[in-house]
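>>> Curious how this folds, go ahead:
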Amino acid sequence: MMFKIKLVRLSVFIIYCACLFTGQVHAETEAGITSGILKFAAYDNFPPYSYQAANGKAEGIDVDIARALAEKLGLKANIRLVFADESLEDDLRVYVWKGHHVTGPPADVMLHIPYDENLMKREDKISFIAPYFEDQVVVAADPEQLGSNPQITAFFSNKIGVERVTMADGYLLGAYRGQIRNNVLHYHSIPEAIQALLKKDVTAVMGMRTEIESALDDSKNKYQIGLMQMPGIAKASWDQGLAVKASNQALSKSLQDAMTSLINDGTIKNIFNKYNASYHIPAAKINYPQE
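Sure thing, here's the model as predicted:
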């Protein structure tokens with residue numbers, strides 16, 4: 001779906017940090033935080049990461065992470081679900097550093113932003129911080145139909161499902177000079193594609209690991225889920241992190257420290273597990289504990 005986040009030294013901001021971690025109401029003009037509320041933006045209609053539940057409240061992995069971060073900083077989380085614009089750059093402009101007359105002022109933090117070197121060079125108004133997991137393009141294959149350890153060439157003659165207009169979609173349509181193209185079935189979402197897999201309308205589904213695992217739920221162990229050798233794919237995995245306005249260096253440092261703590265104590269992993277998804281340490285954070 002969407003390709004679509006720095007704290008100066010603690011010695012300089014000792015009073016600010018003391019207030020932050022004791023939960024006192026404070027105001028930090030650069031960060032725009034007032035009345036003890038930290039404002040987050042997360043993508044809408046993006047299960048299992050962020051979506052509106054039946055009760056009208058925001059739910060999902062990123063939503064739970066936002067709440068955990070705010071709690072760690074002694075603040076309350078205000079989470080706004082936002083729609084993806086035509087490009088990630090548009091999203092960062094509208095939801096992080098500038099705002100818009102229709103959508104309102106920007107948030108303090110935006111979740112689920114690629115932690116990418118080239119993006120960092122292009123977007124000088126944004127601090128990309130706190131990578132918290134690694135996203136992976138994987139294949140969930142039905143061993144009853146494909147046998148054990150199938151290769152990507154299996155889809156020269158077997159149907160594979162994919163969410164339309166995604167990296168996986170583009171790859172399958174062009175791989176091996178189009179030899180897979182006629183066996184690619186398109187769906188509006190990963191959950192819809194997974195339903196087709198469960199009914200054996202397709203032999204496999206390609207997409208992002210977390211979305212696939214969560215959609216499979218209790219049926220996850222019946223399928224082989226993993227990275228495949230995919231000749232010609234530009235990138236099969238990348239880190240996701242937070243985006244903060246570049247001038248908000250104090251907030252960035254606090255969030256970075258809080259995220260490190262939440263990863264080290266297992267909170268982030270537990271949140272992923274809550275949504276039936278495995279957790280993968282971000283490659284950018286080799287100092288995080290490996291499991």
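
>>> what's around the residue nearest to Val82 when sequence neighbours are not counted, how many residues?
Once its chain neighbours are removed from consideration, Val82 has its nearest residue in Ala41; the separation is 5.0 Å (Cβ to Cβ, 6 or more residues apart in numbering). Every residue, glycine included, has its C-beta placed from N, CA and C. Ala41 is surrounded by 29 other residues when neighbours are defined as other Cβ atoms under 10 Å.

>>> Just to check, Ala41 is in contact with Arg93?
No: with contact defined as Cβ atoms under 8 Å, Ala41 does not reach Arg93; the gap is 12.0 Å.

>>> State the distance from the residue positioned nearest the centre of the chain to Pro48.
For the chain, the residue nearest the mean C-alpha position is His112 (3.8 Å; Cα atoms, centre = their mean). Look at His112 and Pro48: by Cβ to Cβ, to the nearest Å, they are 12 Å apart.

>>> repeat for Leu255
With distances taken as Cβ to Cβ, Leu255 is found 22 Å from Pro48.

>>> Comparing the two, which shows the higher neighbour count?
Comparing Leu255 with Pro48 by neighbour count (other Cβ under 10 Å), the higher total belongs to Leu255, at 28 against 23.

>>> Can you classify Gln240 by secondary structure?
Classification of Gln240 into helix, strand or coil gives strand, according to DSSP: H, G, I helix; E, B strand; the rest coil.

>>> Would you mind listing the residues in contact with it?
For Gln240, the residues meeting the contact criterion (Cβ atoms under 8 Å, 6 or more residues apart in numbering) are His112, Ile113, Pro114, Tyr115, Pro131, Tyr132, Phe133, Glu134, Asp135, Pro282.

>>> any weak-confidence spans in the stretch 1-150 of the chain?
Using pLDDT under 70 as the threshold, the predicted model of the stretch 1-150 of the chain has low-confidence ranges 1-34, 101.

>>> cutoff 80 now
Low-confidence segments of the stretch 1-150 of the chain, defined by pLDDT under 80, span residues 1-35, 99-103.

>>> so after the longest helix along the chain, what's the next helix or strand?
As far as residue count goes, and with DSSP state H defining each element, the longest helix of the chain is helix 249-264. Scanning forward in sequence from helix 249-264 by DSSP states H and E, the next helix or strand is helix 267-274.

>>> can you give me how far that following helix is from the chain middle?
Distance of helix 267-274 from the chain centroid (Cα atoms, centre = their mean, to the nearest Å) equals 13 Å.
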